[in-house]
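In: The sequence and its predicted three-dimensional model are supplied below.
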Amino acid sequence: MQRPFFLVGVTLFTLFTFSHISHAQTPPTKNPFAGDEKAIKEGKGVFEGVCAGYCHATEAASRPGSRCPSLFDCEWKHGGDDAAVFKTLQDGVPKTEMIGFKGRLPDDMLWKILAYVRSVSKCQDSGAAATPAH
């Protein structure tokens, strides 16, 4: 007779554990590395090696006709706020050269790349996130 109570207990424990794990893995909506100079420096190094090395220009470069959009102006084609841009970094953009970096780079590194991009953005003086392009 104790077996049904045991199974109920195990089932409740399992449901609680998995719901807690999935909740714990929800990414933050704001960049946890915003304003962190050490993280920004790391993000810059990875951006220059991975992103600017293949597609995107750096903040100082002007590459007319660049095959990928600037990440340093106030117009974003895919995202705008930190959470949306982070999701783009994770998932990529279908039917473009933008691959998803989920599983290729740790989430912390994606946030650091975003912290770097935001730190040198031409959109800083407004204090607002870049707006999605239409």
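Out: Yep, it's here.

In: CA only for contacts and neighbour counts going forward, please
Out: Noted.

In: burial count for Thr96?
Out: Number of residues near Thr96 (other CA atoms under 10 Å) recorded here: 8.

In: so it is in which element?
Out: Taking DSSP states H and E as the definition, one finds Thr96 inside no helix or strand.

In: Quick check: it vs Cys51, distance?
Out: Taking CA to CA, to the nearest Å as the measure, Thr96 falls 14 Å from Cys51.

In: can you check Val120 too?
Out: Val120 is 15 Å from Cys51, by CA to CA.

In: Got the confidence number for Gly35?
Out: Gly35 is assigned a pLDDT of 95 by the prediction.

In: now Phe72
Out: 82.

In: Looks like it contacts Ala115 (just checking).
Out: No. At 11.7 Å, Phe72 does not count as touching Ala115 under the criterion of CA atoms under 8 Å.

In: Can you give me the neighbour number for the nearest residue in space to Phe72 that is not next to it in sequence?
Out: In space, Phe72 comes closest to Ser121 once its chain neighbours are excluded; the distance is 4.4 Å by CA to CA, 6 or more residues apart in numbering. If you count neighbours by other CA under 10 Å, Ser121 ends up with 18.

In: do Tyr54 as well
Out: Tyr54 has 13 neighbours, counted by other CA under 10 Å.

In: what residues are up against it?
Out: Residues near Tyr54 by CA atoms under 8 Å, 6 or more residues apart in numbering: none.

In: per-residue confidence at it?
Out: So, for Tyr54, pLDDT stands at 75.

In: Report the separation between it and Glu97.
Out: According to CA to CA, Tyr54 stands 10 Å off from Glu97.

In: got it, and Ala83?
Out: Distance of Ala83 to Glu97, given as CA to CA: 21 Å.

In: Looking at the two, which one has more neighbours?
Out: Ala83 (16 against 12).

In: Would you check that the more buried one makes contact with Lys30?
Out: Yes. Counting by CA under 8 Å, Ala83 touches Lys30, with 6.4 Å between them.

In: Next, the distance between the ends of stretch 56-72.
Out: Stretch 56-72 has an end-to-end distance of 10 Å (criterion: CA to CA).
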